[in-house]
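# Sequence and predicted structure are below.
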Amino acid sequence: MFVVFILMLCAYVGANSYIFIRGLQAISSFPTVFKWVFGVFYWLSALSILLLFALRNREKADVWGHAFFQYATGWLVFTLYMTMALLCFDFYRLFNRSFAHGFSLSLLLTAGMLVYGYICYRNPIVRHLHIEIPKTLTDSTATSLKVVAVSDVHLGLGTPKARLQDYVAGINAQQPDLVIISGDLIDHSIHPLREARMEEELKQIKAPLGVYLAPGNHEYISGIDACIKYIRQTPIRLLRDSVATLSNGIQLVGRDDRSNRQRLPAGELMRSIDPRRPVIVLDHQPVELLQAQQAGADLLFCGHTHRGQVWPLTWFTDQLFERSYGYEQRGTMHLYVSSGLSLWGPPFRIGTRGELVVFHLSFHRP
């Protein structure tokens, strides 16, 4: 892991050095003082991500803390798109030596992409799926259920209280019977949630059958014990390698995240389920899919991938995961991997969209 971090850091510094050199070339005719201002501003921006991580336990959940977090993480995407654009224009220059507008055009295109990505981030979509499960509920009069499913909310500096209010309003607007959250409710520190009292908003989620959460890797990054203690202040029930049977007979299975290397195998965790009743499994990362299918899951809901969040990272997630996004039926099991309601870090979605997933489940009559 340390080697991967060093390689990523070298790539990041190298890309920013490339952009910086091309920027200096673009302003070569400007006064020296302007070049110094540009250099100081540029490298403070590029290195702000390191300061962000260094101060992660001293974060303030105010407008300035949120703005700095978005600026520092947003520079990652700026670096990605500026590098790609500059490389394209520099390649074009090999065939057209007189072309001298590569930096300004790259800056313009990148700014346009970031504006587009921010608009997409601020406007998640509602995705409806109708799924038939050939099992019965214990309630003899009920044959359908509306389940709102979300993942990767990443509450903290990236997703502040104001955004959480919007998300809660969106969830409640669907009038769900049940709400399920497949991990990464919390981002990378519990402190901003406590400071902003985000539990007040979480208490406003309305679902007669309850709100259930399976942990994700970011609950472990934030400190799983601190997260458990915080979640107990809300009506959300944490399912950590545990099973909850609802009043209508639906069995909710929450797998612990892979961050816990001692988590139970799906077969062992689901050994005591009633095969006559519906089984919904929450597993943050879309791995061990066959295990869940063989153990008797009717619906498996995952998150984690963000669908790559920004293109072309979507290509990498497609290679990393057996299913990185969307719906698929495997035998009798229905699988859905969500792109997440919010996101980690940079406030941009380019080539992807955040989503609120609504499952319209139908069942057989007794």
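Ah, there it is.
# which secondary structure elements does the worst-scoring helix or strand of the chain on mean pLDDT contact?
Lowest by mean pLDDT, DSSP states H and E among the helices and strands of the chain is helix 48-54, with a mean of 82. Where contact means 3 or more Cβ pairs under 8 Å, 6 or more residues apart in numbering; DSSP states H and E, helix 48-54 is packed against helix 63-93. For glycine as for every other residue, the C-beta is placed from the backbone atoms N, C-alpha and C.
# Next, the buried residues of the helix it packs on.
Buried residues in helix 63-93, counted by 16 or more other Cβ atoms under 10 Å: 65-66, 68-86, 89.
# Repeat that for stretch 289-299.
Residues 289, 291-293, 295-299 are the ones in stretch 289-299 that count as buried (16+ other Cβ under 10 Å).
# Would you format those residues as a markdown table with pLDDT and secondary structure included?
Below are those laid out as a markdown table (pLDDT from 0 to 100; DSSP: H, G, I helix; E, B strand; the rest coil):
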| residue | pLDDT | secondary structure |
| --- | --- | --- |
| L289 | 95 | helix |
| Q291 | 94 | helix |
| A292 | 94 | helix |
| Q293 | 95 | helix |
| A295 | 94 | helix |
| G296 | 93 | coil |
| A297 | 96 | coil |
| D298 | 97 | coil |
| L299 | 98 | strand |
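# Check which strands are paired with the helix or strand in which L356 is found and give the direction for each one.
Element membership of L356, judged by DSSP states H and E, is strand 355-363. Neighbouring strands of strand 355-363 in its sheet, by DSSP bridges, are strand 125-133 (parallel), strand 144-150 (antiparallel).
# any weak-confidence spans in the stretch 101-250 of the chain?
140-141 (pLDDT under 70).
# Recalculate using a threshold of 80.
139-142 (pLDDT under 80).
# Show the residue spans covered by the strands in it.
125-133, 144-150, 178-182, 211-214, 237-238, 242-245 (DSSP state E, counting those that start in this stretch).
# can you tell which of those is closest to S48?
Closest to S48 of the strands of the stretch 101-250 of the chain, according to Cβ to Cβ: strand 144-150, at 29.7 Å.
# From R240, how far out is the residue lying closest to A85 once chain neighbours are set aside?
Excluding its sequence neighbours, the residue lying closest to A85 (Cβ to Cβ, 6 or more residues apart in numbering) is S106, at 3.7 Å. Shown here: S106 relative to R240, a distance of 47 Å by Cβ to Cβ, to the nearest Å.
# likewise I171?
Taken as Cβ to Cβ, the span from I171 to R240 is 22 Å.
# Show me where the chain has its helices.
Along the chain, counting by DSSP state H, helices occupy 2-26, 32-46, 48-54, 63-93, 102-122, 161-173, 191-196, 199-202, 217-221, 224-231, 266-269, 289-295, 313-320.
# which residues does the residue nearest to M270 when sequence neighbours are not counted contact?
In space, and not counting its chain neighbours, M270 is closest to A295: 4.2 Å by Cβ to Cβ, 6+ apart. The contact partners of A295, taken as Cβ atoms under 8 Å, 6 or more residues apart in numbering, are 266-267, 269-270, 281.
# Columns mean neighbour count and distance to G158 on top of the strands of the stretch 101-250 of the chain, output as a markdown table?
Formatted as a markdown table, those follow (neighbours: other Cβ atoms under 10 Å; distance: least, Cβ to Cβ, whole Å):
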| stretch | mean neighbour count | distance to G158 |
| --- | --- | --- |
| strand 125-133 | 14 | 19 |
| strand 144-150 | 22 | 15 |
| strand 178-182 | 26 | 17 |
| strand 211-214 | 26 | 18 |
| strand 237-238 | 18 | 22 |
| strand 242-245 | 15 | 29 |
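# In TSV: those, plus distance to H360.
Supplementary listing: these in TSV, determined by distance: least, Cβ to Cβ, whole Å:
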stretch	distance to H360
strand 125-133	5
strand 144-150	6
strand 178-182	12
strand 211-214	18
strand 237-238	23
strand 242-245	21
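# For S45, which of these is the nearest?
Short answer: strand 125-133, nearest of those by Cβ to Cβ, at 31.4 Å.
# Provide the angle between the direction of the closest one and the direction of helix 161-173.
For strand 125-133 against helix 161-173, the angle between stretch directions is 40 degrees (axes from the mean of the first three to the mean of the last three Cα atoms, to 10 degrees).
# how about the CA coordinates for strand 125-133, as CSV?
Output of strand 125-133 as CSV, limited to C-alpha atoms (Å, rounded to 0.1, in the frame of the first residue of the first chain):
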residue,chain,number,x,y,z
ILE,A,125,-31.1,11.3,-10.3
VAL,A,126,-33.8,9.0,-8.9
ARG,A,127,-33.6,5.5,-10.5
HIS,A,128,-36.6,3.2,-10.2
LEU,A,129,-36.4,-0.6,-10.6
HIS,A,130,-39.3,-3.0,-10.5
ILE,A,131,-38.3,-6.4,-9.2
GLU,A,132,-40.4,-9.5,-8.6
ILE,A,133,-39.3,-11.9,-5.9
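# Please list the residues outside that strand that contact it.
Residues outside strand 125-133 that contact it (Cβ under 8 Å, 6+ apart) are 170, 174, 278, 298-299, 327, 334, 336, 353-363.
# quick one on the thing from earlier: widest-spaced pair of the contacts of A295?
G267 and V281 (11.8 Å).
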